[in-house]
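Would you be able to build a 3D model of this:
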Amino acid sequence: MAEGQRIREYVERFAPSRAAAIQNPTEHYSAMFAELVSRRSQVIADLEPEGVQPSAEERANPLLLIGKSRANRRQAEEIAWQEVVLDRYPPEVDESGSPLDD
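Model (predicted):
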């Protein structure tokens, strides 16, 4: 269950009515986690295509390359989270549990 725990915590906290409608939570959140990982990998592959060589500047300063890679991975995580979790389970309540205005 740990694989989908972050997703489950988000959905149960911010989309409680939709969370209550999930029939098999363990299976559901595990499948969502697998989809999240897959989508993140796809985005990383798009951002860092195979065969693209580092620029002369990146070769001269490897920290630039490391920073670019870390930024790409953060961006991929955010894109995947948006597509797999937030688009399906938009927040219904705020952090205090109060309903959001439509």
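
Residue 58 belongs to a helix, doesn't it?
Yes - per DSSP: H, G, I helix; E, B strand; the rest coil, residue 58 lies within a helix segment.

Tell me who's in contact with it.
By C-beta atoms under 8 Å, 6 or more residues apart in numbering, the contact list for residue 58 reads 64-65, 68. Glycine gets a C-beta too; all of them are placed from N, C-alpha and C.

and what of residue 12?
With C-beta under 8 Å, 6+ apart, residue 12 has these contacts: residue 19.

What residues sit buried inside the helix or strand harbouring it?
Using DSSP states H and E, residue 12 sits within helix 5-14. Residues of helix 5-14 classed as buried: 7-8, 10-12, 14 (neighbour count, 16 or more other C-beta atoms under 10 Å).

My guess is residue 47 contacts residue 69. True?
No - here residue 47 does not reach residue 69: they are 9.1 Å apart, not a contact under C-beta atoms under 8 Å.

among the helices and strands of this structure, which one scores worst on average pLDDT?
helix 56-60 (a mean of 90; mean pLDDT, DSSP states H and E).
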